[in-house]
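*Asks:* below are the sequence and a predicted model; questions follow.
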Amino acid sequence: MNTNFFIARITRQFNLRADMESEELILTSVRKDADFQGANLWVLILAIVIASVGLNVNSGAVIIGAMLISPLMGPIIAIGVGVSIQDFKLLKLAARNLGFALLASLAASTLYFLLTPLDQPQTEIINRTTPTIFDVFIALSGGLAGMIAVSRKTRGNVLPGVAIATALMPPLCTAGFGLATWNLEYFFGAFYLFFINCVFIFLGTFIVVKFLHFKEEQTLDKFLGLRIQRIITAIAIFTILPSGFLAYRLVQRSLIDRKINTFLSSEVSSKGLVVIEKKLEAKGNKFILKITATGKQVPDNFQLELKEKLLSYKITNLSLEFNYLGMKSGELESLKKSLREEFQGKRHLGNSESKQIAVLEAELAGRKKLDIPLVAVRSELKILYPKIQKSIFSLVEDEGKLILIGNIWYGSGILPNEKTTLIKWLQVRTNADVTKISFDMHGFAN
């Protein structure tokens, strides 16, 4: 008795038909959302422009706003419903409108990125170029939740949430960026993410409609309907395979990154060095870790020591390339020795020459502070801030204080917090007590 009551209670709790709208009204709503004429088309184009601007300036809030107002999910859900109930007219309408929406979206985003002066890919763009199996789970769950919401009498805020989670707009805009900059890797990666979202939102819709036992329209003959379902199943399987491989690589790389960060913290940063660039490049089954660091002087055999210590972290198939920007201790001692020999090689030294040696000795002792390779500093800046076009620096000493004076020109906007971080980095990098840095954009003071 208690068991039956428990089962009945669970069944009632998970019953999807309890607050379900009538099938007729659901199908009317689906057909309306699948149509891209008039207002829907204008809203789509404007949403694409908003999302493109958000990607361009790296603003998550703007991108979310674009996803909320985008009507792009309508035809995808309609395709799922059309195949489920074998309604050829609905399927044809939805597929035609989705194709038109796709072309309009790519055209609008490509045009925007051709016109904008900001042509550097931001993190919001880069993040949409490498889809994985996790995106499959998100899209499938989004399709299930979306169709459940469409079938309710009151939809609530489910559809806006699904639109944000599945993120149909950003991949399309990123594909437009790839076309505008002719970066085919970005284009295909982003378009693949969009394709994943479409396929598995559709699949989630298909599953919910079948579960709710919608009445079939039978505008397709059974053989053709079965064939279409098989084709879609095959598409879903072949869509999953590459994403599964990419997810495996992502997890593998994440584990390696964790070990590398521990290695850098223990063996590099703890030695007084600052890592200004870290690259992990994959070549087949092998990885190459490229590190560029500066700061405290290092012994000549420091790279060899790092390679030996890296073995203890048990990172398989990883080789190390270490680049130090600065003067190694052996180079400094060699310079000091050569200067001593040059002056001590003279048999007769006058008082003025002796004083000169003393001055040189003092300068060499303080070389760690005063002799900063400004050319290297400028090169490092280009790596850290690709927006910088040109920079000029000079070090002067005044009343025992080292002052860094400089001017930086940049082609596109640098945010105020970036300027503050940049100035702090320059002060640490050059051991300066005071910094006086000016920023110019296209020749105008900023």
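*Replies:* Right, received. Where do you want to start? Numbers count the residues shown, from 1 in each chain.
*Asks:* residues near Leu91, how many?
*Replies:* The local packing of Leu91 (other C-beta atoms under 10 Å) involves 24 other residues. All C-beta atoms are positioned from the backbone trio N, CA, C, and that covers glycine.
*Asks:* surely Phe100 and Ala34 touch.
*Replies:* No. Using C-beta atoms under 8 Å, Phe100 is not in contact with Ala34; the gap is 11.2 Å.
*Asks:* how about the contacts made by Leu111?
*Replies:* 176, 180 (C-beta atoms under 8 Å, 6 or more residues apart in numbering).
*Asks:* secondary structure element holding it?
*Replies:* helix 88-115 (DSSP states H and E).
*Asks:* next: Lys436.
*Replies:* Here Lys436, judged by DSSP H and E, is contained in strand 434-441.
*Asks:* in contact with Asp19, which residues?
*Replies:* 152-154.
*Asks:* that older thread, looking at Phe100 and Ala34, which is more packed in?
*Replies:* A direct count of neighbours by other C-beta under 10 Å for Phe100 and Ala34 places Ala34 higher, at 27 against 15.
*Asks:* ok, and the closest non-adjacent residue to that one?
*Replies:* Ala78 (3.5 Å; C-beta to C-beta, 6 or more residues apart in numbering).
*Asks:* hang on, the earlier thing: out of the contacts of Asp19, which are inside strands?
*Replies:* Judged by DSSP state E, strands contain none of those.
*Asks:* Thr262: which of these is nearest?
*Replies:* Arg152 (48.9 Å; C-beta to C-beta).
*Asks:* excluding chain neighbours, what is closest to that closest one?
*Replies:* Excluding the flanking residues, the one nearest Arg152 by C-beta to C-beta, 6+ apart is Asp19, at 5.8 Å.
*Asks:* now swap in Leu422 and tell me
*Replies:* For Leu422, ignoring the flanking residues on the chain, the nearest one in space by C-beta to C-beta, 6+ apart is Tyr385 at 6.5 Å.
*Asks:* same question, Asp135
*Replies:* Nearest to Asp135 is Ile196, by C-beta to C-beta, 6+ apart, at 5.3 Å.
*Asks:* for Ile291, same thing?
*Replies:* Spatial nearest neighbour of Ile291, excluding adjacent residues (C-beta to C-beta, 6+ apart): Phe322 at 5.1 Å.
*Asks:* right, and the secondary structure at the one you found would be what?
*Replies:* Secondary structure assignment for Phe322 (DSSP: H, G, I helix; E, B strand; the rest coil): strand.
*Asks:* can you pull the pLDDT of Tyr112?
*Replies:* With respect to pLDDT, Tyr112 has a value of 90.
*Asks:* repeat that for Glu331.
*Replies:* Value for Glu331, per-residue pLDDT: 54.
*Asks:* Arg347 now?
*Replies:* So, for Arg347, pLDDT stands at 43.
*Asks:* and Ile403, that one's in a strand?
*Replies:* Yes. Counting by three-state DSSP, Ile403 is found in a strand.
*Asks:* which residues does it contact?
*Replies:* By C-beta under 8 Å, 6+ apart, the residues touching Ile403 are 395-397, 432-436.
*Asks:* filter those to the buried ones?
*Replies:* 395, 432, 435 (16 or more other C-beta atoms under 10 Å).
*Asks:* and which of those is nearest to Thr262?
*Replies:* Nearest to Thr262 out of these is Ala432 (C-beta to C-beta; 31.6 Å).
*Asks:* Ser394 is in contact with that closest one, correct?
*Replies:* No. Assessed by C-beta under 8 Å, Ala432 is found out of contact with Ser394, at 10.8 Å.
*Asks:* overlap in contacts, those two.
*Replies:* Shared contacts of Ala432 and Ser394, counting by C-beta under 8 Å, 6+ apart, come down to Leu404.
*Asks:* in its sheet, which strands sit next to the strand holding Lys436, and in what direction?
*Replies:* strand 401-410 (parallel), strand 444-445 (antiparallel) (DSSP bridges).
*Asks:* give me the secondary structure label for Pro299.
*Replies:* The three-state label given to Pro299 by three-state DSSP is coil.
*Asks:* rewinding a little: so the residue nearest to Ala34 is in which element?
*Replies:* helix 73-84.
*Asks:* show me what contacts Leu98?
*Replies:* Leu98 sits next to 75-76, 79, 198 when contact means C-beta under 8 Å, 6+ apart.
*Asks:* roughly how far does it sit from Ala66?
*Replies:* Counting by C-beta to C-beta, to the nearest Å, the separation of Leu98 from Ala66 is 18 Å.
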